[in-house]
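3D, please:
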Amino acid sequence: MRLEEQSTQSSSSTNNNNEQQQLSLSYALEFDQVQFNSVHQLFGMASIKAPLYESEERKSRAPLDLICVIDKSGSMEGTKIELVKQTLSFVIDQLKNEDRISLIEFDNDVNTLINLTNMNEFGKEKAKKSVDGIKVGTTTNISGAILQAFDVLRNRNNPSSVSSIILFTDGLPTKGITDSNKIKLMVEKFMNSYITNNSTSFFTLGFGNEHNANLLTTISQIGGGLYYYIEKEDKIGEAFIDILGGLVSVVAQQIVLKFKVKHDNVKFKGIINSGYNPQVMIEGKEVHLRLGDLYSEEERDIIFQLELGNEQGGIEKQELLDLTLEYFNVIATELEKKEETVIVCRSESTRNLNGLGFHKEIDKQRNRITSADAISKARELADQNKLTEARNVLEEAIEKIQKSRSSEDTFCQGLIKDLKDCLVEMRSEESYHTVGNKVLNTHWCSAVQQRSNTRSTNYENSHKKALKAKMVHFNVSK
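Below you'll find the predicted structure:
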């Protein structure tokens, strides 16, 4: 269904509770009418939106398997390790009886404090005792800790429908596999083979200025999670809670969006979104895109490009493309499918009938992609010590968004704010390599995945906000 029609169409199904728990699929085109007697490059947008899902005291949500992997190397001594322990205690309190948690600590060695344990009263007491017993050690065996987390996943009995690994570290790998590319390949190999029949996300949290942000970002992207940069100790709890707020609101998993051309005179030119790896089934005709999990209220907006061929005459409703959305509904615990056909009018002129002369939602998402692409390019240049060129890329992106027709929208203002945040930390090579690189990675992840983190809240949902409010109360009462 077209975005403009969505609110009207959805009103007819408000009495159907099952439909209210489903994802919605809609599309938009930059032009409603396209000239028939010329070749035209047409941009469109497929939009997937998750419903607001509120369960009574979270009792009916899907159970969660959570594996927390905690760095206890020597550099974690003092306030850092104590705040991590306090946060883990709070996280444990938020889990319901059917949830399970595993705690893995690592320094030179890797130790599983508790295997996956149900968070009933006894389980919570056991988990909190394990957390209290964490003591700082020596070096940083990140690869060994990740492998141990993979073993916990692989050896589960009755896996929960939602599962996640959270890796917290403040340093570089100094024991085990220390080469970043080898660690990346190790994670990639496991996740690619495991995710085929399971849905598991991988989040990474890097504290301070000594960790490898590029590596942690890569791990999180392979695992369908996010990288969080924690600059100060008082942000440790907020980062963990932001992750948990998403995990307890998962409504859909294993999402696949399929694009299939319907007309011989139409070519599928590609997906524009930065960060996606579409699978081309038939060149120019069919593409599949895997999108991972979706939280309550989240959206995914995918910009695509079509080439429309020359026609002999006007066509009132030319069918261009079939959109098929397939996913596992976590709330209903069943596989579901949504389908839409993309239609355009071929007439004597190309125009948009909304009176604006452009499509605002498409323009906003183009700005998001502009922002993500600029951050990625700037990071690549700055990593090569080409700081002036990197800053120019970000400044050009800011100017482009400011000149766009949707520039005054709150969302676009947020994108500009994030780009300026990146620029602030690129004053010098020292500033970039200590802080700036981490900031750029954080904002890139958020823009690509349309998902909030502690630095960018453009996409924050109500579950994350509620848990953060509880965390504030928890800290005050300590």
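
the host helix or strand of Thr218: what's the following helix or strand?
Here Thr218 sits within helix 213-222, counting by DSSP states H and E. Once the chain leaves helix 213-222, the next helix or strand it forms, by DSSP H and E, is strand 224-230.

name the helices or strands packed onto the helix or strand that comes right after that following strand?
Counting by DSSP H and E, the element after strand 224-230 in chain order, helix or strand, is helix 236-247. Judged by 3 or more C-beta pairs under 8 Å, 6 or more residues apart in numbering; DSSP states H and E, helix 236-247 is in contact with strand 64-71, helix 79-94, strand 162-169, strand 200-207, strand 224-230, helix 462-477. (C-beta placed from N, C-alpha, C; glycine too.)

recalculate using a threshold of 10 Å.
strand 64-71, helix 79-94, strand 162-169, strand 200-207, strand 224-230, strand 286-295, helix 462-477 (3 or more C-beta pairs under 10 Å, 6 or more residues apart in numbering; DSSP states H and E).

in TSV, list these along with distance to Asn120 and mean pLDDT.
Supplementary listing: the helices and strands packed on helix 236-247 in TSV, determined by distance: least, C-beta to C-beta, whole Å; pLDDT from 0 to 100:
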stretch	distance to Asn120	mean pLDDT
strand 64-71	14	95
helix 79-94	11	92
strand 162-169	18	94
strand 200-207	23	93
strand 224-230	27	93
strand 286-295	26	93
helix 462-477	20	62
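
and the ones you listed: which comes nearest Thr139?
Ranking these by proximity to Thr139 (C-beta to C-beta) places strand 64-71 first, at 10.3 Å.

out of the helices and strands packed on helix 236-247, flag the one nearest Leu321.
Closest among the helices and strands packed on helix 236-247, using C-beta to C-beta: strand 286-295, at 9.8 Å.

just the pLDDT at Ser452, thanks.
pLDDT recorded at Ser452 is 85.

okay, it and His211: tell me how far apart.
Distance of Ser452 to His211, computed by C-beta to C-beta, to the nearest Å: 21 Å.

compare the two (neighbour count), which wins?
Neighbours per residue (other C-beta atoms under 10 Å) separate Ser452 from His211, with His211 holding more: 26 against 21.

which ones are touching that one?
Shown in contact with His211 (C-beta atoms under 10 Å, 6 or more residues apart in numbering): 71, 75, 140, 142, 168-173, 204-205, 227, 229-230, 438.

how does it look with 7 Å?
169-172 (C-beta atoms under 7 Å, 6 or more residues apart in numbering).

by neighbour count, which of those wins?
Thr169 (27 neighbours).

hang on, the earlier thing: max pairwise distance over the contacts of His211: which two?
Top of the distance list for the contacts of His211 (C-beta to C-beta): Asp170 and Leu172, 9.5 Å.

could you export stretch 380-387 as PDB, CA atoms only?
Output in PDB follows, covering the C-alpha atoms of stretch 380-387 (Å, rounded to 0.1, in the frame of the first residue of the first chain):
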ATOM      1  CA  GLU A 380      38.000   5.600   6.000                       C
ATOM      2  CA  LEU A 381      39.900   8.800   5.100                       C
ATOM      3  CA  ALA A 382      40.600   9.700   8.800                       C
ATOM      4  CA  ASP A 383      41.900   6.200   9.500                       C
ATOM      5  CA  GLN A 384      44.500   7.000   6.800                       C
ATOM      6  CA  ASN A 385      45.300  10.300   8.500                       C
ATOM      7  CA  LYS A 386      43.600  12.300   5.700                       C
ATOM      8  CA  LEU A 387      41.800  14.400   8.300                       C
END
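
now it, how far from the centre of its chain.
25 Å (C-alpha atoms, centre = their mean, to the nearest Å).

and for stretch 384-398?
Using C-alpha atoms, centre = their mean, the offset of stretch 384-398 from its chain centre is 25 Å.

stretch 107-118 too?
Centre to centre, stretch against its chain (C-alpha atoms, centre = their mean), the figure for stretch 107-118 is 27 Å.

mind pulling up the pLDDT for Ser55?
Note on Ser55: pLDDT of 55.
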